[in-house]
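Engineer: sharing a sequence plus its predicted fold:
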Amino acid sequence: MRRQRRSRILATLGPASSTPERIRELFEAGADVFRLNFSHGTQADHAERLRIIRELEKESGRTIGVLMDLQGPKLRVGQIEGGKVQLETGQKFRLDLDATTGNNQRVNLPHPEIFAALEAGTDLLLDDGKLRLRVDSFAEDHAETTVMVGGPLSDRKGVNVPGVVLPISPLTPKDLDDLKFGLSLGVDWVALSFVQRPSDITEARELIGDKAWIMAKLEKPSAMEHLDDIVRLCDGVMVARGDLGVEVPPQSVPVLQRRIITSARTHGRPVVVATQMLESMISSPVPTRAEASDVATAIYSGADAVMLSAESASGEFPLEAVGIMDSIIREIENDPEWSKGLESSHIPSEANTPDAICCALRRVTDILEPATTIAYTTSGFSALRASRERPSAPIMALTPSLDTARRLAIAWGIHAIPFEHVSDVSEMVLHATKIAERHQFANKGDTVVIIAGIPFGHSGSTNLLHVATIP
């Protein structure tokens, strides 16, 4: 069951990767977590994919995480006469609530919440930023604009409003229906799109409770103004570089990516770097050198996971994409500069007992060089705090909760193993050493380092560090 790398791979399933045979191949090639993208496909499609994943999990003996990615609000213009018009730079153009077919003078924008949030001088981006409009004046039902960057505009193209917090929920009626369905299936993570403010996470938490962990997709510049608060409230973070790259200048995306990774590591939340990582592999069996460097940059930065989207969901070479991403990660993690970089970017521990124990765990692994570290965890807290320290030895997370084990599949360095409760320290040590040997994390005579919370079964109570030898 052991992966020979610390960083994880999140692979999206779709038309190119939905058969039991293909999903098994992706898993064996290195996929640790599978993403179900609810922007595409039917609920029945996703239910079948999840069924296949759970069967594969039983057969393989390794826990597999499943993330459902909600579509979120999609802001789009309406229909256009002839399907397309040409907007010229400098011309006037109107956006309004009139549902009639648009032309080269106006088009329907069926989102009154946008008009409610506008100010004169606001920029509107259309078609992934290919066209830019400047708001001259506005009312509750329309906006008069000047075309700053022209080009062709087609039916139903997307609209972005950078720098503006829109008064809308990140959960649409479709999302609410999909969320209810996904939770009934038992997904492990819910990726929340269109996060703008901390209250968006609170709203989702009230609906999801403890049925799944929440991953905030950071794709809006407004979210960056509340970054630490959002990260603190969620369970994980995704650097969603697609929409983020539309609303901020391209040169700002790497800076924001680094900020998000640092914040996530500071707060001990798993962080995923996503979008266009191996984009060329949608149609090519090999990535570009720039794409390989992009994946490497995320790994050197200490990201927990990197994600494949269309590369594995609809591309021509899904298996090759996972395999190459796996090989890039392993190559980077074998570079001495990688471990030096993690050490130099180490996040200071907080002044509490669990962090003190996990900080000691990192120092003990540096000195004793144990075969593995072992974290007993019920909620996942102990294992995640250990992962936050980025110790040099792999982390085995022993947990009585299968749900927790699946959720931890995305976290850096963690190999989660469902296991029954233990009642005392002697039993803990005995079982930990046996499991480490059974799963080939350690051999007879090897040293292992164990952390746990006493009394057992209480979340967040990590207060014990024990060094043991495999008998």
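Structural biologist: That came through fine.
Engineer: what's the lengthiest helix in the chain in contact with?
Structural biologist: Assignment by DSSP state H gives helix 43-60 as the longest helix of the chain. For helix 43-60, contacts defined as C-beta atoms under 8 Å, 6 or more residues apart in numbering pick out 1, 13, 18-20, 23-24, 27, 34, 36, 38, 63-64, 66, 68, 178, 181-182, 185-187. Where you see a C-beta, it was placed from the backbone N, CA and C, and this is true even at glycine.
Engineer: now do stretch 86-102
Structural biologist: Outside stretch 86-102, the residues touching it (C-beta under 8 Å, 6+ apart) are 77-81, 85, 104-110, 112, 115, 124, 131, 133, 136, 141-153.
Engineer: so which of the residues you listed are in helices?
Structural biologist: Pro112, Phe115.
Engineer: the bottom helix or strand of this structure by mean pLDDT?
Structural biologist: helix 241-247 (a mean of 90; mean pLDDT, DSSP states H and E).
Engineer: in the very next helix or strand once past it, what counts as buried?
Structural biologist: The helix or strand immediately downstream of helix 241-247 is helix 253-267, counting by DSSP states H and E. Applying a neighbour-count criterion of 16 or more other C-beta atoms under 10 Å, one finds Leu256, Gln257, Ile260, Ile261, Thr262, Ser263, Ala264, Arg265, His267 buried in helix 253-267.
Engineer: what lies in contact with helix 253-267?
Structural biologist: Contacts with helix 253-267, where a contact means C-beta under 8 Å, 6+ apart, come from 218, 224, 227-228, 231-232, 236-237, 239, 241, 244-245, 248, 270-271, 273, 297-298, 301-304, 345, 347, 388.
Engineer: run the chain-centre distance for the longest helix of the chain.
Structural biologist: From the chain centre to the centre of helix 43-60 is a distance of 20 Å (C-alpha atoms, centre = their mean, to the nearest Å).
Engineer: for that helix, the averaged confidence score.
Structural biologist: Mean pLDDT, helix 43-60: 97.
Engineer: for it, which positions count as buried?
Structural biologist: Buried residues in helix 43-60 (16+ other C-beta under 10 Å): Asp45, His46, Arg49, Leu50, Ile52, Ile53, Leu56, Glu57.
Engineer: got it, and stretch 219-228?
Structural biologist: Glu219, Lys220, Pro221, Ser222, Ala223, Met224, His226, Leu227.
Engineer: with stretch 324-339 instead?
Structural biologist: Buried residues in stretch 324-339 (16+ other C-beta under 10 Å): Ile324, Met325, Asp326, Ile328, Ile329, Arg330, Ile332, Glu333, Trp338.
Engineer: now that stretch: average pLDDT?
Structural biologist: Mean pLDDT, stretch 324-339: 97.
Engineer: going forward, begin numbering at 52 instead of 1
Structural biologist: Taking 52 as the first residue, the last one we looked at is stretch 375-390.
Engineer: contacts for that stretch, please.
Structural biologist: 55-58, 60, 80-81, 328-329, 332, 337-338, 343, 346-347, 350-351, 357, 359, 443.
Engineer: repeat that with 6 Å
Structural biologist: Stretch 375-390 has contacts (C-beta atoms under 6 Å, 6 or more residues apart in numbering) with Arg56, Arg57, Ser58, Ile60, Gly81, Ala343, Val346, Ala347, Ile350.
Engineer: so what's Thr455 up against?
Structural biologist: Thr455 makes contact with Gly431, according to C-beta under 6 Å, 6+ apart.
Engineer: now swap in Glu270 and tell me
Structural biologist: Taking C-beta under 6 Å, 6+ apart, one finds Ala291, Asp294, Leu295 in contact with Glu270.
Engineer: what's the answer for Gly431, then?
Structural biologist: Thr455, Leu459.
Engineer: go with 8 Å
Structural biologist: So Gly431 contacts Ala448, Thr450, Ser452, Thr455, Arg458, Leu459 (C-beta under 8 Å, 6+ apart).
Engineer: what number of residues are in the vicinity of the second one?
Structural biologist: In terms of burial, Thr450 registers 26 neighbours under the definition other C-beta atoms under 10 Å.
Engineer: so it versus Ser438, what's the distance?
Structural biologist: Noted for Thr450: a distance of 14 Å to Ser438, by C-beta to C-beta, to the nearest Å.
Engineer: next one: the fifth one
Structural biologist: To Ser438, Arg458 is 12 Å away according to C-beta to C-beta.
Engineer: returning to that earlier point: which ones among the contacts of helix 94-111 are found in helices?
Structural biologist: Of the contacts of helix 94-111, the ones assigned to helices by DSSP H are Pro71, Ile74, Arg75, Phe78, Asp229, Phe232, Gly233, Leu236.
Engineer: name the nearest residue to the second one, sequence neighbours excluded.
Structural biologist: In space, not counting the residues next to it along the chain, Ile74 is nearest to Ile103; the distance is 5.3 Å by C-beta to C-beta, 6 or more residues apart in numbering.
Engineer: for the fifth one, same thing?
Structural biologist: Excluding its sequence neighbours, the residue lying closest to Asp229 (C-beta to C-beta, 6+ apart) is Phe89, at 4.6 Å.
Engineer: go ahead and confirm that neighbour touches Met119.
Structural biologist: Yes. Shown here, Phe89 and Met119 form a contact pair, counting by C-beta atoms under 8 Å, at 6.0 Å.
Engineer: and the least confident helix or strand of the chain, how far out from the chain middle?
Structural biologist: With C-alpha atoms, centre = their mean, you get 15 Å for helix 292-298.
Engineer: which stretches in the stretch 252-401 of the chain count as strands?
Structural biologist: 264-269, 287-291, 322-325, 356-359 (DSSP state E, counting those that start in this stretch).
Engineer: and if you look at the stretch 402-522 of the chain?
Structural biologist: 423-427, 446-450, 465-469, 498-504, 513-520.
Engineer: same check, this time on the stretch 102-251 of the chain
Structural biologist: With strands called from DSSP E, counting those that start in this stretch, the stretch 102-251 of the chain shows them at 116-120, 135-138, 143-147, 157-159, 174-177, 182-190, 193-200, 202-205, 210-211, 240-243.
Engineer: ok so, going back, now, of the contacts of helix 304-318, which are buried?
Structural biologist: Taking 16+ other C-beta under 10 Å as the criterion, what is buried in the contacts of helix 304-318 is 269, 275, 278, 282, 287-288, 290, 292, 295-296, 299, 321-322, 324, 348-349, 352-355, 398, 439.
Engineer: before we move on, the earlier item: and the buried residues of stretch 270-279, which two are furthest apart?
Structural biologist: Glu270 and His277 (13.9 Å; C-beta to C-beta).
Engineer: follow-up on the earlier one: give the buried subset of the ones in helices among the contacts of helix 94-111 as a PyMOL selection command.
Structural biologist: In PyMOL syntax, the buried subset of those is picked out as below (16+ other C-beta under 10 Å):
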select buried, resi 74+75+78+229+232+233+236
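Engineer: relative to Val499, which of the ones in helices among the contacts of helix 94-111 is nearest.
Structural biologist: Phe78 (27.1 Å).
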